[in-house]
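Asks: Need the 3D shape of this:
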Amino acid sequence: MNALDQQAATIPALMAEIGRNARIGARALAIATPEQKRTALLTAAGAINAHRRKILAANELDMAAAKEKGISGAFLDRLLLNDARIDGIIEAVTIIAELPDPVGATIAEWDRPNGLHIERVRTPLGVIGVIFESRPNVTADAGALCIKSGNAVILRGGSDSFHSSRAIVDCLLDGLHLAGLPTECVQLVPVTDRAAVGEMLKGLDHHIDVIVPRGGKSLVARVQSEARVPVFAHLEGLVHVYIDKSADLDKAVAITLNAKMRRTGICGAAETLLVHKDVAATHLRPIIEALIAKGCEIRGDETVMSMIPEASAASEQDWKTEYEEAIIAVKIVDSLEAAIAHIEHYSSHHTEAIIAEDPAAVEKFFNEIDSAILVHNASTQFADGGEFGFGGEIGIATGKMHARGPVGVEQLTSFKYRVRGNGQLRP
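Replies: Reported below is the predicted structural model:
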C-alpha cells in the first residue's frame, strides 16, 4: 500500500475520532455557564491580537501558494488577511462574547386550564460541521458563534486557507482551555483530502447534527446532494438592485456603486441592476459612469446598449451569473411588476434591494419578493451577520426551514419544551 492509499485508509478512522470527540465537547458546552463561554471568547480575541504576526505569516504562506496556482483576484481577496481584517476578526469575536447567552432562554411560556405551565426554551443543536473554502475569517466566526450557542464545531477549511485557519483555531483553543472547557469543542480537520468532506457528509456515525457549507456553487451543491444530515446553505448570491421610477438619483448612484464595487467577491455584492424605464434617461448614465470609473464591466440588454456605448451585450446566462468580480448585468424594465418578475425568475433568494422614495413601491417589493434579505435605500453589502448585530455569521441561509438569512447564535439553537405540573393526570 503506497503513502496515498495509507492516508485514504486512515481518513475514516480519523474523522470518526473527531466526531466522537466533538460529541464529548458538545455535552460540555451545552451545560457551560454563560461566563465560561464569555471568558473563552474574550481570551480567544486577546490571543488573536497577541498572535497577530503569527496569523499574518501563516496567511502569507496561503497567499503565496494561491498565487502560484494562478487563483483569481476575487479568490485572493477572500483569502487575504491584513491588520485591518485581523482587527475585524477580533471585533467580531468580542461582540459575540458579549451577546446575550441564548442557551436556556425562554422563547415563550403559557399556562393550560389544567394548571400545567409550559415553557419553550432555547437549546444547542449539538455538533455543527462547517465546510468552507477560502475565507479565514469564517474560522473565527464559526468557532465563536458555535461556542456562544453551546455547540461543538468541526471545521473543514479549504487547502488554500489551511495555515491561516490553523493559526486562528489555536487562539480559540487557548480561550477554551483557560475557561475550563474541552478543546474538543472546536476541531479543525487536519487533512485537506476531500475524502474528509465525504465522511462529514455521512454524519460521522450520527455525531454531526447540522452541516453548514460556505463556498462556491459546486461545493454547496455537493453538500446539499450528498449530506445525510440537515444543511444550512445557499447555492449562490445572485443579488439584484432595482432602481424605481421614484428613486433619488444621488442615492441610486452611491448605493449601486457600493453594492457592486465595495467588495466584488462577497455574496452580498450586486450582480444585476434593473432600472425603471421612466428614469433610464436621467439615472442610467450617471450610475454606469460611476461603475465604469471604478473598473466595472457593463453587460446590458438592447436598450442599455443603445444608451451606453461602453456596454457589451448581455446573454441569457448573464442574468443567471454570480460574477464575484467587477462585472454587472443591466436591464431596463417597464415597471415595478416587471422588476419583481425578473427577480423571482432569476434570483437565488439571497438579497435584493430597491432604491425608491415611493412607500407603496417599497411595500410591494418587500411583500412580493421571497428572498432571505430585502433592502430599501441601502447597499446590499449590509447582508452580513456582523452588520445585523450578530457579531458574525456562520453563513447566510436561503432555505425556509429553521434558519434564514445570516445564521448567528440564535439560529444555531433549537428548542425544547419544559412542562411543569403538580400531580396532573390526563383523563
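
Asks: Now do residue 221, the pLDDT please.
Replies: Predicted confidence (pLDDT) for residue 221: 82.

Asks: what about it, is that helix, strand or coil?
Replies: The three-state label given to residue 221 by DSSP: H, G, I helix; E, B strand; the rest coil is helix.

Asks: Distance check, it against residue 411.
Replies: From residue 221 across to residue 411, the span is 22 Å (Cβ to Cβ, to the nearest Å). From N, CA and C alone the C-beta is placed, and that goes for glycine too.

Asks: Show me the helices in this structure, by range?
Replies: Remark: helices assigned in the chain by DSSP state H are 3-30, 34-50, 52-68, 73-79, 83-98, 137-148, 162-178, 195-202, 217-226, 249-261, 285-293, 302-307, 336-346, 359-368.

Asks: deepest of those, which one?
Replies: Mean neighbour count (mean count of other Cβ atoms under 10 Å) peaks for helix 137-148 among those, with a mean of 29.

Asks: returning to what we had before: relative to residue 386, which of the helices of the chain is closest?
Replies: Shortest distance between residue 386 and the helices of the chain, using Cβ to Cβ, is found for helix 83-98: 5.7 Å.

Asks: what about the closest one, average pLDDT?
Replies: The pLDDT scores in helix 83-98 average 96.

Asks: what's it packed up against?
Replies: Here helix 83-98 touches helix 34-50, helix 52-68, helix 137-148, going by 3 or more Cβ pairs under 8 Å, 6 or more residues apart in numbering; DSSP states H and E.

Asks: quick revisit: and the helices of the chain: which comes nearest residue 116?
Replies: Using Cβ to Cβ, the helices of the chain put helix 3-30 closest to residue 116, at 25.5 Å.

Asks: pLDDT (mean, whole number) over that closest one?
Replies: Computed over helix 3-30, the mean pLDDT rounds to 84.

Asks: counting contacts, what elements does that helix pack onto?
Replies: Packing partners of helix 3-30 (3+ Cβ pairs under 8 Å, 6+ apart): strand 117-124, strand 127-132, strand 152-156, strand 186-188, helix 195-202.

Asks: and the gap between residue 404 and residue 102?
Replies: According to Cβ to Cβ, residue 404 and residue 102 sit 17 Å apart.

Asks: out of the two, which sits in the busier spot?
Replies: Comparing residue 404 with residue 102 by other Cβ atoms under 10 Å, the one with more neighbours is residue 102, at 21 against 18.

Asks: residues in contact with that one?
Replies: Applying Cβ atoms under 8 Å, 6 or more residues apart in numbering, one finds that residue 102 lies in contact with 122, 148-150, 409-410, 412-413.

Asks: how about these in TSV, adding distance to residue 43 and pLDDT?
Replies: Listed next are the contacts of residue 102 as TSV, based on distance: Cβ to Cβ, whole Å; pLDDT from 0 to 100:
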residue	distance to residue 43	pLDDT
122	24	96
148	13	97
149	18	96
150	17	97
409	18	90
410	23	90
412	21	92
413	23	93
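
Asks: filter the residues you listed to the buried ones?
Replies: With burial judged by 16 or more other Cβ atoms under 10 Å, the buried subset of the contacts of residue 102 is 122, 148-150, 409, 412-413.

Asks: can I get those in TSV with distance to residue 252?
Replies: Shown next, in TSV, are the buried ones among the contacts of residue 102 (distance: Cβ to Cβ, whole Å):
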residue	distance to residue 252
122	41
148	39
149	39
150	44
409	35
412	37
413	39
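
Asks: got the contact list for residue 382?
Replies: Residue 382 makes contact with 268, 375, 388, according to Cβ under 8 Å, 6+ apart.

Asks: So residue 263 sits against residue 379, correct?
Replies: No. Counting by Cβ atoms under 8 Å, residue 379 is not a contact partner of residue 263; they are 10.7 Å apart.

Asks: circling back: of the contacts of residue 382, which one scores lowest on pLDDT?
Replies: Within those, pLDDT is lowest for residue 388, at 88.

Asks: is it true that that one touches residue 410?
Replies: No. Using Cβ under 8 Å, residue 388 is not in contact with residue 410; the gap is 11.0 Å.

Asks: Would you quantify the distance from the closest residue to residue 94 other than its chain neighbours to residue 91?
Replies: Counting by Cβ to Cβ, 6 or more residues apart in numbering, residue 94 lies nearest to residue 45, which is 4.8 Å off, once chain neighbours are set aside. Per Cβ to Cβ, residue 45 is found 8 Å from residue 91.

Asks: what do you get for residue 285?
Replies: Relative to residue 91, residue 285 is positioned 39 Å away (Cβ to Cβ).

Asks: that older thread, neighbour count winner among residue 263 and residue 379?
Replies: residue 379 (22 against 14).

Asks: residue contacts, that one?
Replies: Shown in contact with residue 379 (Cβ under 8 Å, 6+ apart): 255, 258-259, 262, 353.

Asks: can I get those in CSV with pLDDT and distance to residue 197?
Replies: As requested, the contacts of residue 379 are exported to CSV (pLDDT from 0 to 100; distance: Cβ to Cβ, whole Å):
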residue, pLDDT, distance to residue 197
255, 97, 38
258, 97, 35
259, 97, 32
262, 95, 31
353, 96, 34
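
Asks: Quick check: the farthest pair among the residues you listed?
Replies: Spatial extent of the contacts of residue 379 (Cβ to Cβ) is set by the pair 262 and 353 at 13.3 Å.

Asks: which residues of the stretch 251-400 of the chain score low on pLDDT?
Replies: Residues of the stretch 251-400 of the chain meeting the criterion pLDDT under 70: none.

Asks: check contacts around residue 324.
Replies: With contacts defined as Cβ under 8 Å, 6+ apart, residue 324 is in contact with 74, 264-265, 269.

Asks: Which residue ranges make up the domains of the protein?
Replies: Following automatic domain parsing, the chain resolves into domains at 10-232+407-419, 239-382.

Asks: Let's have these in JSON lines, adding distance to residue 393.
Replies: Shown next, in JSON lines, are these (distance: least, Cβ to Cβ, whole Å):
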{"stretch": "domain 10-232+407-419", "distance to residue 393": "6"}
{"stretch": "domain 239-382", "distance to residue 393": "10"}
